[in-house]
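>>> Here is the input, now give the coordinates:
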Amino acid sequence: MSQTYLTTEELAQRIKYDARTIRNQLKDSVLLEGVHYFRPFGGRKPLYV
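Prediction:
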């Protein structure tokens, strides 16, 4: 099963949300690491599943 990984901006375009809203959801712990996103190589930039 292959998965597509998206940046915050790509996800915002695909689901028609503002990128700022997605970042706020991430900060408020609505989106969970390992379930909704991950940080490759221990980096700061999250990639969404």
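
>>> Got the phi and psi for the closest residue to residue 40 other than its chain neighbours?
Leaving out its chain neighbours, the residue that sits closest to residue 40 by CB to CB, 6 or more residues apart in numbering is residue 47, at 6.0 Å. (Glycine included, C-beta is placed from N, CA and C.) Dihedral pair for residue 47: phi -120, psi 130, per degrees, to the nearest 10.

>>> now swap in residue 42 and tell me
phi 70, psi 20.

>>> Begin at 7, not 1, for the rest of this chat.
Sounds good: first residue 7 from here, last item residue 48.

>>> For the protein, which residues score under the pLDDT cut-off?
For the chain, applying pLDDT under 70 flags the ranges 7.

>>> Spell out, range by range, the strands that occur in it.
Taking DSSP state E as the test, the strands found in the chain are 43-44, 53-54.

>>> Which elements pack onto the last one?
Read that as strand 53-54. Counting contacts by 3 or more CB pairs under 8 Å, 6 or more residues apart in numbering; DSSP states H and E, strand 53-54 packs against strand 43-44.

>>> Repeat the analysis, applying 10 Å as the threshold.
In terms of contacts (3 or more CB pairs under 10 Å, 6 or more residues apart in numbering; DSSP states H and E), strand 53-54 is packed against helix 14-21, strand 43-44.

>>> winner for burial among these?
Most buried of these, by mean neighbour count (mean count of other CB atoms under 10 Å): strand 43-44, with a mean of 16.
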